[in-house]
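> Quick one, what's the 3D model for this:
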Amino acid sequence: LCLSFRVYYSWIVAIFGAVLIALGIAWLLAQNWHQIPRLIKVIILLGATIISYSVGTILRLRKYSGVGKSLLVLGALLYTLSIFLIAQMYFTSTSFQGTAWLLLIAWIGVLLASYLFDSSISLAVAFIEVLIWLVVQHIAFVEVMDFEFMPGILALIFLAAGVLFYGVSLWHRAKAHAFANLYRGWTAFYFLAFAYLLSFQSLLP
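As a prediction, this is how the structure comes out:
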């Protein structure tokens, strides 16, 4: 039990460390962003992402799993940050739909990288980005169609996402894949989110 607690504690510390490093890099780039040429900006962003993924994979192979996992999470966060910063450099779309497209590219890339590097923590980052994307995309549809924002529709979206995650979890379990439990956990989360939104009866259409 003590060993298990130490493992989970080290993972939590590693994840927080990766998040803080990503925020630090974002802050450093923001301070000097306008003084850096566009090409150099792209090279810095892509280089930092590739290095983070590469070093994280090497450290995992050399049995430094905690540090390796944290670097894979850092790579996922840097990839997401790179998408938004590069998009800001070459086109400025401040609409909700533009943000939704960027989030879609971000979570698909992180999801693919999670399977490529067999990283369950990176997959959790992808799930969080999927959740944010669902909310932003719903707001974008409301904005484009000029509808009133209805939490009931968002609850149905969460329900559909939960059913999809449950189906994927069954497929992973049939394949004895390590990600099966993570998909099942997020299935429960979406069902709970659906039930929570339904509890606000006054907000339903």
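> buried residues in stretch 154-171?
Residues of stretch 154-171 classed as buried: 154-155, 157-159, 161-162, 165-166, 168-169 (neighbour count, 16 or more other CB atoms under 10 Å). For glycine as for every other residue, the C-beta is placed from the backbone atoms N, C-alpha and C.
> what residues does it touch?
With contact meaning CB atoms under 8 Å, 6 or more residues apart in numbering, stretch 154-171 is reached by 130, 134-135, 138, 180, 183-184, 186-191, 193-194, 197-198, 204.
> Stretch 134-149 now?
With CB under 8 Å, 6+ apart as the contact definition, stretch 134-149 has outside contacts at 95-97, 99-100, 103-104, 150, 153-154, 157-158, 161.
> buried residues in that stretch?
Of the residues in stretch 134-149, those buried under the neighbour-count criterion (16+ other CB under 10 Å) are 134-142.
> pLDDT, distance to A124 and secondary structure added to the contacts of stretch 134-149, as a markdown table?
Conversion of those to a markdown table gives the following (pLDDT from 0 to 100; distance: CB to CB, whole Å; DSSP: H, G, I helix; E, B strand; the rest coil):
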| residue | pLDDT | distance to A124 | secondary structure |
| --- | --- | --- | --- |
| S95 | 80 | 28 | coil |
| F96 | 82 | 25 | helix |
| Q97 | 84 | 26 | helix |
| T99 | 88 | 22 | helix |
| A100 | 89 | 21 | helix |
| L103 | 92 | 16 | helix |
| L104 | 93 | 18 | helix |
| M150 | 70 | 29 | coil |
| I153 | 79 | 26 | helix |
| L154 | 78 | 22 | helix |
| I157 | 84 | 20 | helix |
| F158 | 82 | 17 | helix |
| A161 | 86 | 15 | helix |
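> Can you tell me which of those comes closest to I83?
When these are ranked by distance to I83 (CB to CB), L103 comes first, at 8.6 Å.
> Contact partners for the spatially closest residue to the closest one that is not a sequence neighbour?
Setting aside the residues directly before and after it, L103 is nearest to W133 in space (CB to CB, 6 or more residues apart in numbering), at 4.0 Å. Contacts were defined as CB under 8 Å, 6+ apart; by that measure W133 touches 100, 103-104, 106-107.
> who wins for neighbours among those?
A106 (24 neighbours; other CB atoms under 10 Å).
> separation between that residue and L72?
Between A106 and L72 the distance is 15 Å, computed by CB to CB, to the nearest Å.
> quick one: which helix or strand includes the closest residue in space to S119 that isn't next to it in sequence?
In this structure, S119 finds its nearest non-sequential neighbour in L72, 4.5 Å apart by CB to CB, 6+ apart. Element membership for L72, per DSSP states H and E: helix 65-90.
> List the buried residues of that helix.
Taking 16+ other CB under 10 Å as the basis for neighbour counts, the residues of helix 65-90 that come out buried are 65-87.
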